[in-house]
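Engineer: any chance you can model this:
(3 chains)
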Amino acid sequence: MNRLSRVSAETWLTLFFVVLSLCCLAFMSQLVAESKVLFGRSLTPIQPTLFPIIILSALGVLSLWQIWVMRSHWLSDEPMLMGGKGFRRVVFLFAIMLVYALAMDTVGFFISSAIAMGMIGFVAGNRVVVQILLVSIVAPVLLYLVATRGLAVSLPELSVIEFAYAGLFNR
Amino acid sequence: MNWNKLRVMAIAGLAMLTWGGAPALAEYPEKPITLVIPLGAGGSHDLNARVITSIIPQHLNQAMIVQLNPGASGQKGTQEVANATADGYTLLFSHNYIDMLQQHVENLPYDPNADFVPVARVNYAPIAVVVRGDSPINSFDELIAAAKSGTVTMAHSGNWGALFVPAAQIMKAKEASFNLVPYKGGGPAMQALLAGDADVTMGFPSTLSPLIASGDVKVLATAGKERIYDDVPSFGELGIGGDVGFMHRVVLAPAGTPDDVLKTLGDAFSALQEDKTYTRMMGRLGENTDYIGGAEYQKMREDQNSAYKDLVATITN
Amino acid sequence: MIEQFTDGFAMALRFDTLLMIIVGLFSGMLVGALPGFTTLMAMAILLPLSFFLDPLVGIPFLLGVYKGGIFGGSIPAILVSMPGTGAAVATSIDGYKLTQKGQSRKALDIALFSSVIGDTASDIFTVLLIFPIAFLVMQFGPPELFAVLLMSLIIIVVTSGRSPLKGLIMMFFGFWLAQIGTDPIGGVERFTFGLFELKSGIPLLPMLIGVFALPEIAYALMRTDRVQSISKLVGERLNRDEFRRCVKTIRRSTVIGTAIGIVPGLGQVVAAMMGYSAAKNASDHPETFGEGEIEGVAAAEAANNAVNGPTLVPLLTLGIPGDNVTAILLGAFVAQGLRPGPQLFEEQGATVFAILIAMVFANLLFLVIGYFSIPFFSRIVTVKSGLLIPIVIMFAFAGAYVFRSDPTDLLMLVGFGLFGLLARAGKFEVMPMVMGFILGPPLEYAFGQTVAMAGTSPLSFVFADRPGMLGVLIATPIVGYLLWRRMRSVRS
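Structural biologist: Below is the predicted model:
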């Protein structure tokens, strides 16, 4: 168990490439659809599987070679998931970002951004509550207005809030 | 934490959201409308849309914003509108090849017939078959003869696109075959013709006029029954019948959009046709402004549907 | 012709033209500085505005937006390691390292100067030699593009990073990532596992932000107990000696960029990376590249801007836009009653020259605007991390969403952030992966086109019709080997 946790990131990543290439090559026919046929001739000059086969084979060969090249240091001195304060911060960061990514479309840009920014600010070391609140609320509003009114792009937002913005301008 | 208080707050919040989320549609449109384009930036569709969205706000009293949503040959943008709320604030600006043809070539995650209702056919563009100015081929018949006896390379803008489909239809009607080479759009295809990489290609009049005038290209045939250029035969004369080689630009709304909303939109689009700035700019783009209302175009859609179904079945045997 | 040139020159010297250029440059720069809000988008939105302006005001305005936007994209690339385009990736390699060393102002300065010099030189070159360039452009078709792309990829991988083997692995991984979705020619689904979300493939911008910006943020959080700011210093401005050191690099990159601009289909990304690789290879201290070397920034920026001049040539001489930006310019031209194409110079030569000359003015004006804007931008890095990081992440998410209006792109963003972190921990360079991702599809497409063109007799096609492609293909392994040997010898 101890040895497993000391497998280095380098090793994990190289193994990932090996497994990826071999699996995709093995299941190629299920993964790549067939191209249609026009008047009895294939619609595509090269088969859709041609480049994937070349590339995955190269990837497999090269990553196996890499495994062999680094055979003397598959394990590192410290465990990869090292723990400690810094590590915990990064875990929190990614957890918050994951929720942000899932929530934005459902609760809209303003709410998801405000909450995410508040929490990330805290994780990043900011302890001044006023600053956190101010930035988390003002920044998303400003960006939303610039993006939708100035640049005419759309960001997901709840109807309520959209009508509120519109109301702000139609006064 | 006082749970009762929390519950009251939650219910109040929920009530506010639901009430706020469905205000009475007093006077459509109350907020800007989004026009989704399922194609990439800079194409002729995008340019058409820019002209439309810069002028129609005067007739709708609200802005119309273009949202480019390219991907999966137009399916991404189309799906987004199919799934959008049918309140008239999300529209799709598409063309007939994406709208009616694709369903016969791929598995779509939506049903173009049931999920959409047309608002307006904004304009259409007829295709023309062209060769280089110095090409030994001087007529459409010579082209077909050359294709039957040797190899004729045709540059097209992508599988099942606006150049490919007419090419396939010609191949089927005349029982000849071209060597089809794909390019990323009409522009590169034309460039390939001029560079000598291809023998023949197709184009829309808007792109062709300067090249015809300078003699760099010769037109061999044009779509439709009637001639567009005086000395160039039409598909109808050459024995290629049906709705071949026309790209119709159409605005679609999700099915279930209220009738009064559709009417407001339709009125705005037809008012656009009278707008002098609009016609002037479309003229400059080389596009016509042949408007057909939603209900009338729906009949054309249904015809296209069955025609394309037959076409795909025949040519992909 | 000369007459038209001098007429055009006089026409361009108008106050309203110059004013609108300045407005355009400024707005373009601001928009470009927001990652995810691409210059292309800004141009497309502002296009209708140009319809209502005089052609000599509206079109230079759009050109100003464009040029401002290119530099604008370099700003987040340098300051927070958030490249918005593939071309900015090359800039961020050394640019961000410079920022971390407390030299953000120098980095921005050299980026500005190199951009302007590269762009101006290539614009002047284009204006003077527009017809020979048009002829050259015609000589390049899909077979040549395929060969040149292949050679570029080999050169880039060999000259980058510490371990070419790992670089190649990441490049092939990038190739594979690009294949997820539909294949570029036939449109059949590949590696989508039946998921509709994957049908249009993996989006570039969320990948770039995820793989370059998020790991930097994560590492910043991991470092000290109380995270401060990216750097307390912005450093001094670029001084004359440092600039003089870069002149040779800028010259070389300008030539490379202009040459790449002539080949249709290559683009800014290839130019930036080739300029960078060439500079690294020609330098007598290649080990400083990637650790904060201003020559690196200069090389990338000069090259990616030098592409712009020749890119306009097919548009002006044939009326055919080569990419999305020129397509928008086409719309602007056409709406103004100018018909780009073979007759353009005969009928409206003076106007066209006026516009081209206005373009050169735009560059020079931008030098001034950029120079005075840089102190403001570079100060961003001194903001404390507790405030800056949440704001940067908000921009990252907004930009990732706006790119394709697709919420799954946000998940991709986070996913690539994790991958980028893992790659850094495992000492795998991300840049070859990004290059493989960007250049893989055009490579496959060009190859497919070439096969289609060759038809039934491929050998005679290659040897008789396309000697250019053959030449480049043969040269590729030779060049690759020579470069690899040089890199090895310098490293030891």
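Engineer: pLDDT wise, what is the nearest residue to residue C:24 once chain neighbours are set aside at?
Structural biologist: The shortest distance from residue C:24 to any non-neighbouring residue, by CB to CB, 6 or more residues apart in numbering or on different chains, is to residue C:64 (2.6 Å). Heads up, the C-betas are built off the backbone N, CA and C, glycines and all. pLDDT for residue C:64: 90.
Engineer: and the strands in chain A?
Structural biologist: With strands called from DSSP state E, chain A shows them at A:37-38, A:41-42.
Engineer: on that earlier part again, pull out the buried residues from whichever strand or helix holds the residue nearest to residue C:24.
Structural biologist: Element membership for residue C:64, per DSSP states H and E: helix C:55-80. Going by neighbour count (16 or more other CB atoms under 10 Å in any protein chain shown), the buried part of helix C:55-80 is C:55-80.
Engineer: can you pull up the most central residue in chain A?
Structural biologist: Central residue of chain A (CA atoms, centre = their mean): residue A:98, 8.6 Å from the mean position.
Engineer: that older thread, pretty sure the residue nearest to residue C:24 is touching residue C:361, no?
Structural biologist: No - using CB atoms under 8 Å, residue C:64 is not in contact with residue C:361; the gap is 9.5 Å.
Engineer: give me the common contacts of these two.
Structural biologist: residue C:21 (CB atoms under 8 Å, 6 or more residues apart in numbering or on different chains).
Engineer: shaky segments in chain A?
Structural biologist: A:1, A:38-43, A:152, A:170-171 (pLDDT under 70).
Engineer: coming back round to it: got a list of what the residue nearest to the centre of chain A touches?
Structural biologist: C:411, C:414.
Engineer: quick check: it vs residue C:412, distance?
Structural biologist: 12 Å (CB to CB, to the nearest Å).
Engineer: could you pull out the strands in the stretch 51-200 of chain B for me?
Structural biologist: Along the stretch 51-200 of chain B, counting by DSSP state E, counting those that start in this stretch, strands occupy B:64-68, B:90-95, B:116-126, B:128-132, B:153-156, B:179-182, B:200-203.
Engineer: list the pairing partners of the longest one within its sheet, with orientation.
Structural biologist: Same thing as strand B:116-126. Neighbouring strands of strand B:116-126 in its sheet, by DSSP bridges, are strand B:246-254 (antiparallel), strand B:292-293 (antiparallel).
Engineer: quick one: it to strand B:90-95, angle?
Structural biologist: 30 degrees (axes from the mean of the first three to the mean of the last three CA atoms, to 10 degrees).
Engineer: quick one, helices of the stretch 351-492 of chain C?
Structural biologist: Ranges of helices within the stretch 351-492 of chain C are C:385-404, C:408-425, C:431-454, C:458-460, C:467-491, based on DSSP state H, counting those that start in this stretch.
Engineer: CA atoms of stretch B:270-290 as PDB?
Structural biologist: Output of stretch B:270-290 as PDB, limited to C-alpha atoms (Å, rounded to 0.1, in the frame of the first residue of the first chain):
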ATOM      1  CA  SER B 270     -41.600  41.400 -43.800                       C
ATOM      2  CA  ALA B 271     -41.200  45.000 -42.700                       C
ATOM      3  CA  LEU B 272     -37.500  44.500 -43.200                       C
ATOM      4  CA  GLN B 273     -38.000  44.000 -46.900                       C
ATOM      5  CA  GLU B 274     -39.400  47.500 -47.300                       C
ATOM      6  CA  ASP B 275     -36.500  49.000 -45.400                       C
ATOM      7  CA  LYS B 276     -34.200  50.800 -47.800                       C
ATOM      8  CA  THR B 277     -31.100  50.400 -45.700                       C
ATOM      9  CA  TYR B 278     -31.700  46.700 -45.500                       C
ATOM     10  CA  THR B 279     -32.200  46.200 -49.200                       C
ATOM     11  CA  ARG B 280     -29.200  48.300 -50.000                       C
ATOM     12  CA  MET B 281     -26.900  46.300 -47.800                       C
ATOM     13  CA  MET B 282     -28.200  43.000 -48.900                       C
ATOM     14  CA  GLY B 283     -27.600  44.200 -52.500                       C
ATOM     15  CA  ARG B 284     -24.100  45.000 -51.600                       C
ATOM     16  CA  LEU B 285     -23.600  41.600 -50.200                       C
ATOM     17  CA  GLY B 286     -24.800  40.200 -53.500                       C
ATOM     18  CA  GLU B 287     -27.800  38.600 -51.800                       C
ATOM     19  CA  ASN B 288     -31.400  39.000 -52.900                       C
ATOM     20  CA  THR B 289     -34.200  39.800 -50.500                       C
ATOM     21  CA  ASP B 290     -36.900  37.300 -51.600                       C
END
